[in-house]
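> got a structure for you, letters missing:
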């Protein structure tokens, strides 16, 4: 098989994987059929066909391992920016979400990325729960994220479980548990999520654990992600917000952190997608989210004020 053919096969397969982010999946809660053994037959396989099959399997494995996992966490005030600036067409950046169920405000739509709707609230004017199903159907999301940090916002696990079963279960797409913080306080973070899972009593149809993390070191970040995987091994993980807590070195410290975090997440087979905080510019963040600036600073912004990729943004591809 020629090098050119291998290259073409690689990109065809990789494009198919990326396209899956934009196409609704079959219902994730449908149980797979039980496999039955077929009657035994003697089969002779030509060695060249065996080699070709093994080679294609290797290509498929390589494509799956290298398929992009990176995404843009896109705030509501980003209308002056273009998400396509961070989509170089090579497949590293594949998704975008905006904490809402409406399309990302920008100068260029989704920028060629797969949009993931997020029902961040039980019900709110920007994303009414009554519109969840119709917005998903109209926009064609393949995945939905749910509830933004309910563990620190007064939503009980039982309340979240009941709400999830009623409104999220019916969506025949990939689904994530509510996004929980890395708080170690009793009843927050991963312990809140464990309680919600218990309250679901097996009735919540879910594909992903959703993590937010802010802290002081890569070692702590890695430890938290690995702990989540250890505690909830049945689910893939999406990390939809993460950065250092306002480090003294500003952008330089954030770059050093992401230079360690990105390869770790890329190599972890249980990580489906990850979204560094945040896909905006320092000026827009400062003007619209003083709370985020006080916690994270502006050094993790993926854009410069002129709309070009920042030094952090350049790490995305």
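Yes, it's here. Values in this document were obtained by computation on a predicted structure and should not be read as measured data. Numbering: from 1, shown residues only.

> show me where the stretch 201-317 of the chain has strands.
Secondary structure of the stretch 201-317 of the chain by DSSP state E, counting those that start in this stretch: the strands cover 208-215, 236-244, 271-274.

> oops, could you answer that again for the stretch 1-150 of the chain instead?
70-73, 93-97, 114-115, 117-119, 143-148.

> before we move on, back to that, among the strands of the stretch 201-317 of the chain, which is nearest residue 265?
strand 271-274 (4.8 Å; Cβ to Cβ). Placement of C-beta: from N, CA and C, glycine included.

> so what touches the closest one?
For strand 271-274, the external contacting residues (Cβ atoms under 8 Å, 6 or more residues apart in numbering) are 69-71, 94-95, 208, 225, 236-240, 242, 262, 265.

> how does it look with 7 Å?
Here strand 271-274 makes contact (Cβ atoms under 7 Å, 6 or more residues apart in numbering) with 69, 70, 71, 95, 208, 236, 237, 238, 239, 265.

> with stretch 78-87 instead?
72, 74, 93, 96, 104-108, 110-113, 280-281, 284, 302-303, 307-309, 313, 316-317.

> can you select the buried ones from those residues in PyMOL?
Burial among the contacts of stretch 78-87 is assessed by 16 or more other Cβ atoms under 10 Å; the matching PyMOL selection reads:
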select buried, resi 72+74+93+96+104+105+106+110+111+112+113+280+281+284+302+303+309+313+316
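
> before we move on, the earlier item: what would the strands of the stretch 1-150 of the chain look like in a markdown table with mean pLDDT and distance to residue 191?
Listed next are these as a markdown table, based on pLDDT from 0 to 100; distance: least, Cβ to Cβ, whole Å:
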| stretch | mean pLDDT | distance to residue 191 |
| --- | --- | --- |
| strand 70-73 | 99 | 24 |
| strand 93-97 | 98 | 25 |
| strand 114-115 | 98 | 31 |
| strand 117-119 | 99 | 23 |
| strand 143-148 | 99 | 16 |
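
> looking at these, which is closest to residue 246?
The minimum distance between residue 246 and the strands of the stretch 1-150 of the chain falls on strand 70-73, with 17.4 Å, by Cβ to Cβ.

> hmm, back to that, okay, the contacts of strand 271-274 in a markdown table with neighbour count and distance to residue 155 next?
Listed next are the contacts of strand 271-274 as a markdown table, based on neighbours: other Cβ atoms under 10 Å; distance: Cβ to Cβ, whole Å:
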| residue | neighbour count | distance to residue 155 |
| --- | --- | --- |
| 69 | 21 | 28 |
| 70 | 22 | 29 |
| 71 | 28 | 24 |
| 95 | 26 | 25 |
| 208 | 24 | 19 |
| 236 | 18 | 23 |
| 237 | 23 | 21 |
| 238 | 26 | 19 |
| 239 | 27 | 21 |
| 265 | 23 | 27 |
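
> ok, back up a step: out of the strands of the stretch 201-317 of the chain, which is the most enclosed?
Neighbour counts (mean count of other Cβ atoms under 10 Å) averaged over each of the strands of the stretch 201-317 of the chain peak at strand 236-244, with a mean of 25.

> report all helices and strands that it contacts.
Judged by 3 or more Cβ pairs under 7 Å, 6 or more residues apart in numbering; DSSP states H and E, the packing partners of strand 236-244 are strand 208-215, helix 218-231, helix 251-267, strand 271-274.

> number of residues surrounding the nearest residue to residue 170 once chain neighbours are set aside?
Nearest non-adjacent residue to residue 170, counting by Cβ to Cβ, 6 or more residues apart in numbering: residue 133, 6.7 Å away. If you count neighbours by other Cβ atoms under 10 Å, residue 133 ends up with 14.

> check residue 254 too.
That count, for residue 254 with other Cβ under 10 Å as the rule, works out to 27.

> okay, and for the stretch 1-150 of the chain, where does confidence drop off?
1-66 (pLDDT under 70).
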